[in-house]
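1. The following comprises the amino acid sequence and a computationally predicted model.
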Amino acid sequence: MTAQILDGKAISADIRADLTQQVASLTAQGQRAPCLAVVLVGDDPASHVYVRNKERACEQIGIRSLPHRLDSATAETDLIELIDTLNEAEDVDGILVQLPLPAHIDADRILGRISPAKDVDGFHPSNIGRLLQRRPGLRPCTPYGVIKMLERTNTAVAGKRAVVVGASNIVGRPMAMELLLANATVTICNSKTRDLAEEVGRAEIVVAGIGKPEFVRGDWIAEGAVVIDVGINRLDDGRLVGDVEFEAAAQRASWITPVPGGVGPMTIAMLMHNTVEAYRARQV
Ligand SMILES: Nc1nc(=O)c2c([nH]1)NC[C@@H]1CN(c3ccc(C(=O)N[C@@H](CCC(=O)O)C(=O)O)cc3)C=[N+]21
C-alpha cells in the first residue's frame, strides 16, 4: 500500500476559512471581534517565528491579537501580574503564554494562573481534568487538531486500536484522552516501554510525539494503519523531519501526515478555533 497524504495545511485552511466567516458574521451583527492575548518572554528566535505565525493567523481571520513581548529577565511576579490583568480584561477572550519560558519562571504556576475560560492552549489543570472526565472545556490544540485530521480520513475511530508514542503533558497524555473520548482502545507508550515495535505494530492508528527524528521506523507500521506524526525536528543539515521514518512508513500506511505541512498547521487552526469558542462562551 502507498499512503494517502493527510494534508494538514489544506485542512487548516478550511477550518480557518470557516472561522473567518463566523467572525465576519459576528462583527456584521455589531459585536466586537474576538481577541487573543499572546505573551512572549525572552528572545528565543523560534518562539518569535511561532508567535508571528499565530498573529498572522489571527489577522487573517479577523481575531484581534494583543501581543505582549517581555524581556527575558522579567520577574515571575511581574508575569503573574500581567496574567491577572489579562484574566480581568473584559475584551480579552484568550490568553496564550508561549512556551518554553525562561528557566527562572515556573511554567506550571503561570499556566495554572490563566483563567480556565481564557485558556485557549487547553493546558490548565482544570481543562485537562475536564477532558479526562469526558466533559471537555477548552481542548489542547495539537491533540484536538489530530482528531480533526482523523475525521478527514473517514476512519471510524471508535473501536480502533490506537497507540500513542510519547506521554508528554502537551501531546501524548491529552492525545490519549482525546482518542479515548472518541472510543478508541488506547495504549500509551513511554520511554520505558519494552517492545515498542510490537506495540506500534498492533496499532490501526499511530500517533507519534516523542521529539526524536525518525524514531518510529517504517517497518514497525501495520499494513493500512493511519499514521499521525506530531514531531517537528530540525536536523543539522537544515532539513525538517518528523518522529516517523516517513518514506518507509508511507509504503505501509493508508494515511500519513507529512512534516512540515501536517499536524503543525492544525495546532494553529485549533488555537484560532478555541479563541472563537472562548469568545462565544464569554458572551452573555
Ligand atoms: N503556549 C504554547 N502553545 C503552543 O501551541 C506552542 C508553544 N507554546 N510553544 C511552541 C510549540 C510549537 N508549536 C507549533 C505550532 C505550529 C507549528 C507549525 O505550523 N509548523 C509548520 C512549519 C514548520 C517550520 O517550517 O518550522 C509545519 O509543521 O508545517 C509548529 C510548532 C506550538 N507550540
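-> Yep, that arrived.

2. give me every residue that touches the closest residue to the ligand within the stretch 101-250 of the chain.
-> Nearest residue of the stretch 101-250 of the chain to the ligand, counting by Cβ to the nearest ligand atom: Asp121, 4.7 Å away. Bear in mind the C-beta positions are built from the backbone N, C-alpha and C, glycine included. Asp121 makes contacts with 96-97, 111, 138, 140-141, 271, 274, as judged by Cβ atoms under 8 Å, 6 or more residues apart in numbering.

3. Of the residues you listed, which qualify as buried by neighbour count?
-> Listed as buried from the contacts of Asp121 are 96-97, 111, 138, 140-141, 271, 274; burial here means 16 or more other Cβ atoms under 10 Å.

4. tell me, which of those residues make contact with the ligand?
-> On the criterion Cβ under 6 Å from any ligand atom, 96-97, 141 are the entries of the buried ones among the contacts of Asp121 that sit beside the ligand.

5. Report pLDDT for whatever residue of the stretch 1-150 of the chain ends up closest to the ligand.
-> Minimum separation of the stretch 1-150 of the chain from the ligand (Cβ to the nearest ligand atom) falls at Leu99, amounting to 3.7 Å. The model reports Leu99 with a pLDDT of 96.

6. Can you tell me, leaving aside adjacent residues, what's nearest to it?
-> Leaving aside its sequence neighbours, Leu99 sits nearest to Ala107 (Cβ to Cβ, 6 or more residues apart in numbering; 6.4 Å).

7. contacting residues for the one you found?
-> Residues near Ala107 by Cβ under 8 Å, 6+ apart: 99-101.

8. which bits of the stretch 151-284 of the chain sit near the ligand?
-> Close to the ligand, as judged by Cβ under 6 Å from any ligand atom, the stretch 151-284 of the chain has residues 232, 240, 259-261, 264-265, 267-268.

9. for the ligand, what are the nearby residues on the stretch 1-150 of the chain?
-> Within the stretch 1-150 of the chain, the positions adjacent to the ligand are 50, 96-99, 121, 141 by Cβ under 6 Å from any ligand atom.

10. burial count for the residue of the stretch 1-150 of the chain closest to the ligand?
-> Residues within reach of Leu99, counting by other Cβ atoms under 10 Å, total 15.

11. what secondary structure does it sit in?
-> For Leu99, the assignment made with DSSP: H, G, I helix; E, B strand; the rest coil gives coil.

12. Of all residues in this protein, which one is nearest the centre?
-> Per Cα atoms, centre = their mean, the C-alpha nearest to the average position across the chain is that of Thr142, at 1.8 Å.

13. Tell me who's in contact with it.
-> Residues in contact with Thr142 (Cβ under 8 Å, 6+ apart) are 170-171, 174-175, 209, 230, 263, 266-267, 270.

14. taking the buried ones among the contacts of Asp121 one by one, which sit in helices?
-> Under the assignment DSSP state H, the buried ones among the contacts of Asp121 contribute 111, 141, 271, 274 to helices.

15. give me the low-pLDDT residue ranges for the stretch 1-150 of the chain?
-> Nowhere does the stretch 1-150 of the chain drop to pLDDT under 70.

16. at 80 instead, please
-> Filtered on pLDDT under 80, the stretch 1-150 of the chain yields the residue ranges 1.

17. What are the boundaries of the helices in it?
-> 8-28, 45-61, 76-88, 107-113, 125-132, 141-152 (DSSP state H, counting those that start in this stretch).

18. Using a markdown table, please lay out those helices together with distance to Glu198.
-> Listed next are the helices of the stretch 1-150 of the chain as a markdown table, based on distance: least, Cβ to Cβ, whole Å:
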| stretch | distance to Glu198 |
| --- | --- |
| helix 8-28 | 29 |
| helix 45-61 | 35 |
| helix 76-88 | 45 |
| helix 107-113 | 34 |
| helix 125-132 | 28 |
| helix 141-152 | 23 |
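
19. Out of these, indicate the one that is most buried.
-> Sort these by mean neighbour count, taking mean count of other Cβ atoms under 10 Å, and helix 141-152 sits at the top with a mean of 22.

20. show me what contacts the closest residue to Pro140 other than its chain neighbours?
-> Counting by Cβ to Cβ, 6+ apart, Pro140 lies nearest to Gly122, which is 3.8 Å off, once chain neighbours are set aside. Contact partners of Gly122, counting by Cβ under 8 Å, 6+ apart, are 128, 131, 137-141, 144, 174, 274.

21. Kind regards, and thank you for your time.
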